[in-house]
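Peer 1: Any chance you can model this:
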Amino acid sequence: MVVTTGCGAFAFATPLRVDTLIGLAVDEVLGPRAPKDKRERTLRSTLAGFRAGTFLIDVDGRFFERLDETVMCAGVARLRFFLRHGVRTTT
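Peer 2: Numbering: from 1, shown residues only. Below is the predicted model of the structure:
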């Protein structure tokens, strides 16, 4: 649940843009002690990779290809990042 104002109104589902979700995911991964400049650099490079088509994002089973798309999130949103092309390892 998300409190929208001090008047006690609640939202059971919140619309969020894909770029906002990516920002929240970056914050979650880096943690609260990460320096602000590292957060900004990581977010910029992640958004640039998404725009360049390096990867796709799956939010609760639905794929997104544009940053301006909106997702309805209720409770916890699960984001998964998928590379568009396979990666070969040398091991």
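Peer 1: Does the lengthiest helix in the chain pack against any helices or strands, and if so which?
Peer 2: Longest helix of the chain, by residue count under DSSP state H: helix 36-51. In this structure, helix 36-51 makes packing contacts with helix 18-30, judged by 3 or more Cβ pairs under 8 Å, 6 or more residues apart in numbering; DSSP states H and E. (Each C-beta comes from the backbone N, C-alpha and C, glycine too.)
Peer 1: Point out where this protein drops to low pLDDT.
Peer 2: Residues of the chain meeting the criterion pLDDT under 70: 1-12.
Peer 1: farthest residue from the center of it?
Peer 2: Most distant from the centre of the chain: residue 91, at 30.8 Å, with distances by Cα atoms, centre = their mean.
Peer 1: how close does residue 64 get to residue 29?
Peer 2: Separation of residue 64 from residue 29 (Cβ to Cβ, to the nearest Å) stands at 18 Å.
Peer 1: Repeat that for residue 36.
Peer 2: With Cβ to Cβ as the criterion, residue 36 and residue 29 are 15 Å apart.
Peer 1: and the two? which has more neighbours close in?
Peer 2: More crowded of residue 36 and residue 29, by other Cβ atoms under 10 Å: residue 29, with 11 against 7.
Peer 1: Now do the buried residues in the longest helix of the chain.
Peer 2: Using 16 or more other Cβ atoms under 10 Å as the test for burial, helix 36-51 gives 39, 42, 43, 46, 47, 50.
Peer 1: Measure how that helix sits relative to helix 18-30, angle-wise.
Peer 2: 130 degrees (axes from the mean of the first three to the mean of the last three Cα atoms, to 10 degrees).
Peer 1: what element comes up after helix 36-51 heading to the C-terminus?
Peer 2: Using DSSP states H and E, the helix or strand that follows helix 36-51 in sequence is strand 55-59.
Peer 1: What angle do helix 36-51 and that following strand make with each other?
Peer 2: 100 degrees.
Peer 1: CA atoms only for strand 55-59 - export them in PDB, please.
Peer 2: In PDB, the C-alpha atoms belonging to strand 55-59 read as follows (Å, rounded to 0.1, in the frame of the first residue of the first chain):
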ATOM      1  CA  PHE A  55      18.500  -6.000 -22.600                       C
ATOM      2  CA  LEU A  56      14.800  -6.300 -22.000                       C
ATOM      3  CA  ILE A  57      13.000  -6.000 -18.700                       C
ATOM      4  CA  ASP A  58      10.400  -8.400 -17.400                       C
ATOM      5  CA  VAL A  59       8.100  -6.900 -14.700                       C
END
